[in-house]
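> After the sequence you'll find the predicted model.
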Amino acid sequence: MRGEQWFTYFGFAQYQLSFFTLIDELGNKNRRTRLVNRMADAANKKGHIVMVPYMAHGHIIPFLALARLIQQRTNFTITIANTPLNIQYLRSALSSPDQIRLAELPFNATQHGLPPNIENTENLPLTHVIHLSHSSLSLEAPFRSLISQITQEDGKPPLCTISDVFLSWVNNVAKSLGTRNLTFTTCGAYGTLAYVSIWSNLPHRKTDSDEFWVPGFPQNYRFHRTQLHKYLRAADGTDEWSRFFIPQIALSVESDGWICNTVEDIEPLGLQLLRKYLGVPVWSVGPVLPPDALKGSKHRAGKEPGITLEACMEWLDLKDENSVVYISFGSQNTISASQMMALAEGLEESGRSFIWVIRPPFGFDMNGEFREEWLPKGFEERMKDTNSGLMVHKWGPQLEILSHRSTGAFLSHCGWNSVLESLSNGVPIIGWPLAAEQAYNVKMLVEEMGVAVELTRTVESVISGEQVRKIIEIVMDRQGKGKEMKEKANEVAAHMRNATKENNQEKGSSVRAMDDLVRNILSYKAL
Ligand SMILES: O=c1ccn([C@@H]2O[C@H](COP(=O)(O)OP(=O)(O)O[C@H]3O[C@H](CO)[C@@H](O)[C@H](O)[C@H]3O)[C@@H](O)[C@H]2O)c(=O)[nH]1
């Protein structure tokens, strides 16, 4: 480690074809050809990949999962770079030693107008999310030093970098230091295209009618203005959202290829349109689901204990199959106080069992204490007494809940990870999009896939308990629409299983895409 370096580099022992193994094998004439092949293979396979996720759990989790997938099938050295606190979070999910390396890029939150020690969008108000986004630009210089350092140590530049759509300055660094960059979109193909194209074709407040066309989609395909977040409706290229997203998205479109967390058979239209729009290879390698080490809530040391994984599972074990509604709005979103009240009323009126991952409403400190006045009087106590609702404060073991046989529907903001985690378990969705590309995800889930219904949109909408009750009844009723949605969700789950199937006879589409991705990365070294 050199003194002047800008980053801390956590390197661990990794597999190398041992010199002594080679000497042993040289003694056996019959094996010589194979050995030569293996040497060539090893030389070919060895290489370094450096990955940089955006500073949000919805991005960091799939980046780590992708790193694991690549590591399982190659001898590449993989380094994930990020700010110190995000590296600390990642470290809790790695074993020691681990083949995945972590590199800290120095970061000082307060220098960017953020509260101290904030390096992630978790529970961060939107006004700060945009500051965090702008602050990520400060990582470019230390990242450049990291790539130079790796190039010096390895005697050659990394095979490629893999950047987040929102951190495409990584693309600049890669190109200027003699390597390639791939973009990993942690969203689906359809949502990615809608988001990329909508940001690239501002302004939308000039749209005459409520419905409008988005370049990249067929001419007769319409989006609705209420599907745009209010910062997108107001964006004109000069505001702070545009000033970050437009250049980052424009640069990521120039990547050498894109990796998409989706499956060919579940998003045929989205993938076809995204490929046409980008004009570079798009590998659909999904579903890239959280690695085992990130399951449950054990890795979130330092947070208040809340309800344990075991308590959740015991509670679910006592419920009937497909009888529980799970409610969560992801890692960084929440609803308003009046919406929270209506949601609670609707849940109680429905008489259905539920697990609700609850956090303070929009406009309040999301890390602060939960206040009883945000819920109907005596609600938590009644739910406890009747054993009909389990309130989990701030963070729940989502994967385990969704994969439990008792979970029958997911009321979700439709962040893409939540969508994949739900559908891979055949759980239909009640959509309540709040930000980012979530409204486009819901549009696709409802119109293309038939696995969801939409309850409402955004944190500003006015909803009633009765609306909530009705929609829960539709989805949980195992007749009519509810039955249809459940069947379709099960079909999607089967497509996902097929896509990741890998045995002697056959390889699923995502496995083949991963093989092709690795072949492509290997070909970069010749350039
Ligand atoms: O109580 C919780 C809350 C979240 N999670 C996990 O955290 C992740 C959340 O990801 P996601 O559902 O995608 O939601 P966001 O955190 O909101 O994700 C951001 O990133 C996604 C991927 O780019 C986008 O699709 C979203 O719109 C964007 O808000 C998932 O793996 C969840 O399993 C938990 O385990 N427990």
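Structure received.
> Number of residues surrounding the closest residue to residue 466 other than its chain neighbours?
Using C-beta to C-beta, 6 or more residues apart in numbering and skipping the chain neighbours, the partner closest in space to residue 466 is residue 346 (6.9 Å). No exception for glycine: its C-beta is placed from N, CA and C like everyone else's. Each residue near residue 346 was counted by other C-beta atoms under 10 Å, and the total is 23.
> Tell me which residues touch residue 346, please.
Neighbouring residues of residue 346 by C-beta atoms under 8 Å, 6 or more residues apart in numbering: 464, 465, 466, 467, 468, 469, 472.
> Report all helices and strands that whatever helix or strand the fourth one lives in contacts.
By that I understand residue 467. Residue 467 is part of helix 465-476 when elements are defined by DSSP states H and E. With contacts taken as 3 or more C-beta pairs under 8 Å, 6 or more residues apart in numbering; DSSP states H and E, helix 465-476 sits against helix 337-350, strand 407-412, strand 429-431, strand 452-454, helix 480-499.
> buried stuff in it?
Using 16 or more other C-beta atoms under 10 Å as the test for burial, helix 465-476 gives 465, 467, 468, 469, 471, 472, 475, 476.
> which of these lies closest to residue 515?
residue 475 (37.9 Å; C-beta to C-beta).
> That closest one reaches residue 485, doesn't it?
Yes. Between residue 475 and residue 485 there is a contact under C-beta atoms under 8 Å: 6.3 Å.
> do you know how far the residue lying closest to residue 225 once chain neighbours are set aside is from residue 224?
The shortest distance from residue 225 to any non-neighbouring residue, by C-beta to C-beta, 6+ apart, is to residue 210 (5.1 Å). Using C-beta to C-beta, to the nearest Å, residue 210 is found at 6 Å from residue 224.
> again, but for residue 467
Taking C-beta to C-beta, one finds residue 467 at 19 Å from residue 224.
> just residue 93 next, same as before
Counting by C-beta to C-beta, the gap from residue 93 to residue 224 is 39 Å.
> The two - which one has more neighbours?
Comparing residue 93 with residue 224 by neighbour count (other C-beta under 10 Å), the higher total belongs to residue 93, at 21 against 14.
> Contact partners for the more buried one?
Going by C-beta under 8 Å, 6+ apart, the list of residues near residue 93 reads 64, 291, 293, 294, 299.
> Okay, it and the ligand: tell me how far apart.
Residue 93 sits at a distance of 12 Å from the ligand (criterion: C-beta to the nearest ligand atom, to the nearest Å).
> related to what we said a few turns ago, now do the helix holding residue 467: distance to the chain's middle.
28 Å (C-alpha atoms, centre = their mean, to the nearest Å).
> Which residues of the chain lie near the ligand?
Counting by C-beta under 6 Å from any ligand atom, the residues of the chain close to the ligand are 56-59, 61, 186-187, 290, 328, 330-333, 357, 395-396, 398-399, 415-418, 421, 435-438.
> The stretch 1-150 of the chain: helices as residue ranges?
19-26, 32-45, 57-73, 84-91, 126-135, 140-154 (DSSP state H, counting those that start in this stretch).
> Would you mind giving both backbone torsions of the residue nearest to residue 225?
Main-chain dihedrals, residue 210, degrees, to the nearest 10: phi -70, psi -30.
> Which pLDDT value belongs to it?
For residue 210, the model assigns a pLDDT of 90.
> Does it touch residue 227 like I think?
No. Using C-beta under 8 Å, residue 210 is not in contact with residue 227, being 10.0 Å away.
> out of these two, which sits in the more crowded spot?
Neighbour count, other C-beta under 10 Å: between residue 210 and residue 227, residue 227 has more, with 24 against 11.
> Pull the contacting residues for the closest residue to the more buried one other than its chain neighbours.
Leaving aside its sequence neighbours, residue 227 sits nearest to residue 439 (C-beta to C-beta, 6+ apart; 3.9 Å). Contact analysis of residue 439 by C-beta under 8 Å, 6+ apart lists 226, 227, 228, 229, 414, 433, 457.
> who wins for most neighbours among those?
residue 414 (29 neighbours).
> Can you pull the phi/psi pair for it?
In terms of degrees, to the nearest 10, the main-chain angles of residue 414 are phi 70, psi 40.
> ok, it touching residue 433?
Yes. Contact criterion C-beta under 8 Å: residue 414 and residue 433 qualify, at 5.3 Å.
> what sits in contact with each of these two?
Shared contacts of residue 414 and residue 433 (C-beta under 8 Å, 6+ apart): 439, 441, 442.
> Of the residues you listed, which belong to helices?
439, 441, 442 (DSSP state H).
> Of those, just say which sits nearest to the ligand.
For those, the residue nearest the ligand by C-beta to the nearest ligand atom is residue 441; the value is 6.8 Å.
> so the closest one makes contact with residue 191?
Yes. Residue 441 is within contact range of residue 191, at 4.8 Å (criterion: C-beta under 8 Å).
> Now for the closest residue to the ligand within the stretch 151-300 of the chain, how many residues are close by?
Among the residues of the stretch 151-300 of the chain, residue 186 lies closest to the ligand, at 3.6 Å counting by C-beta to the nearest ligand atom. Using other C-beta under 10 Å, residue 186 is surrounded by 29 other residues.
> From residue 237, how far off is the closest residue to the ligand within the stretch 301-450 of the chain?
Using C-beta to the nearest ligand atom, residue 415 is the residue of the stretch 301-450 of the chain that sits closest to the ligand, at 2.4 Å. Separation of residue 415 from residue 237 (C-beta to C-beta): 27 Å.
> okay, those two: which has more neighbours?
Shown here are residue 415 and residue 237; by other C-beta under 10 Å, residue 415 has more neighbours (28 against 9).
> Could you find the closest non-adjacent residue to that one?
Per C-beta to C-beta, 6+ apart, closest to residue 415 is residue 330, 4.2 Å.
> How far does stretch 479-490 sit from its chain's centre?
Distance, stretch centre to chain centre, for stretch 479-490: 26 Å (C-alpha atoms, centre = their mean).
> Could you list the buried residues of it?
For stretch 479-490, the neighbour count (16+ other C-beta under 10 Å) marks 482, 485, 486, 488, 489 as buried.
> Repeat that for stretch 173-186.
For stretch 173-186, the neighbour count (16+ other C-beta under 10 Å) marks 173, 174, 175, 179, 180, 181, 182, 183, 184, 185, 186 as buried.
> just checking, residue 448 touches residue 271?
No. Counting by C-beta under 8 Å, residue 448 does not reach residue 271; the two are 11.7 Å apart.
> which of the two has more neighbours?
Neighbour count, other C-beta under 10 Å: between residue 448 and residue 271, residue 271 has more, with 22 against 14.
> Distance check, the more buried one against residue 489.
Residue 271 is 20 Å from residue 489, where distance means C-beta to C-beta.
> remind me which residues of the chain are low pLDDT?
For the chain, the stretches flagged by pLDDT under 70 are 1-45, 295-306, 525-527.
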